[in-house]
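Student: please work out how this folds:
(4 chains)
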Number of protein chains: 2
Amino acid sequence: MSRTPHHPTRDQIELPMVLDCLSDPIRLAIVYQLAQQERVSSELRCSDFSALSGKSNLAYHFAKLRDCGLMRTRVAGTNRFMRLRREDLEARFPGLLDAVLSSAAKDADRLPLVSGCELVEVDRK
Amino acid sequence: MSRTPHHPTRDQIELPMVLDCLSDPIRLAIVYQLAQQERVSSELRCSDFSALSGKSNLAYHFAKLRDCGLMRTRVAGTNRFMRLRREDLEARFPGLLDAVLSSAAKDADRLPLVSGCELVEVDRK
DNA sequence: CCCTATGTTCAACGTTTATTGAACTATCAA
DNA sequence: TTGATAGTTCAATAAACGTTGAACATAGGG
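Tutor: A predicted model of the protein is given here:
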């Protein structure tokens, strides 16, 4: 279980997969929460998303987000730290991520975005 | 078969449905082609997309595009004229449609966007 | 009126999807 | 070593999805 999971290269990031990933409310919420956190520390642990769903369902969504290139997972001890691949996304599809994020922000009341989401100071390991 | 099909109001347009719609390569191609056509006449007939798939499969995708608010269908005789709901989209999710379209344009070689798509002058009925 | 062109609707199908709980692995701390 | 913590993996399930072809509806032209 220790090997760091697979991530696509920047060039392998595909538009339909990215849009499909973002079309799921839970994954959109994960991405949104990661984007919020960027202002503070850029990384969050899996358990920081526990308000959105159960552990095993989150693991499923994390895998999809990794597979499509939206986020990167760093293994540190028993934790996984996730962060947005903002630069790669911006290079591949300029403006797309921000357009989606601001659209989500605009509809925050309709989406399950920020259940109990206050910013968290993470101690990088 | 004559009644004009159902369209959501501007306010009913939801982000996850829009992203999901755009995540299908065929639907993305339809939207892309409609956007191209906008410069000329803003409307296209169903049969203008026949390079993308069969009639009944296209009807299925058209229905999804209507249901999520991405396009509007106008019935005129035996034809249906479709156009992008650009203003509604822009009002709901500013910048989103253009970001997706320019991302698609950037990846035009990887996507089934423009099989035999030259601009067509349509005589509005 | 019949014939054709344009699209939709329906049933069928195989595939993919999201979700669950249980079992498992790995790491850390006592 | 024992126990607790953090997450993944697997199998099972139900629902949704994309695609097909056949049948249908509608309008226009001879």
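
Student: now do the contacts for A:K55.
Tutor: Residues in contact with A:K55 (CB atoms under 8 Å, 6 or more residues apart in numbering or on different chains) are A:C46. (C-beta placed from N, C-alpha, C; glycine too.)

Student: how about 7 Å then?
Tutor: Neighbour list for A:K55: empty [criterion: CB atoms under 7 Å, 6 or more residues apart in numbering or on different chains].

Student: now A:R92
Tutor: With CB under 7 Å, 6+ apart, A:R92 has these contacts: A:10, A:13.

Student: so which helix or strand takes in the residue nearest to the spatial centre of chain A?
Tutor: Chain A has A:V31 as the residue nearest its centroid, 3.5 Å off, counting by CA atoms, centre = their mean. Applying DSSP states H and E as the criterion places A:V31 in helix A:25-38.

Student: other SSEs contacting the helix or strand following that helix?
Tutor: Downstream of helix A:25-38, the next assigned helix or strand under DSSP H and E is strand A:44-45. With contacts defined as 3 or more CB pairs under 7 Å, 6 or more residues apart in numbering or on different chains; DSSP states H and E, the packing partners of strand A:44-45 are helix A:25-38, strand A:79-84.

Student: ok, strand A:44-45 near DNA strand C or not?
Tutor: No - remark: strand A:44-45 sits outside contact range of DNA strand C, by CB under 7 Å from any atom of the strand, the gap being at least 13.0 Å.

Student: is A:P112 in contact with A:L28, as I believe?
Tutor: No - A:P112 is beyond contact range of A:L28, at 8.7 Å (criterion: CB atoms under 7 Å).

Student: looking at those two, which is more packed in?
Tutor: A:L28 (23 against 14; other CB atoms under 10 Å in any protein chain shown).

Student: now do the contacts for the more buried one.
Tutor: Taking CB under 7 Å, 6+ apart, one finds A:22, A:104, A:111, B:16 in contact with A:L28.

Student: at 8 Å what do you get?
Tutor: A:L28 makes contact with A:22, A:100, A:104, A:111, A:113, B:15-16, B:19 under the criterion CB under 8 Å, 6+ apart.

Student: over to A:H7?
Tutor: A:66, A:69, A:72-73.
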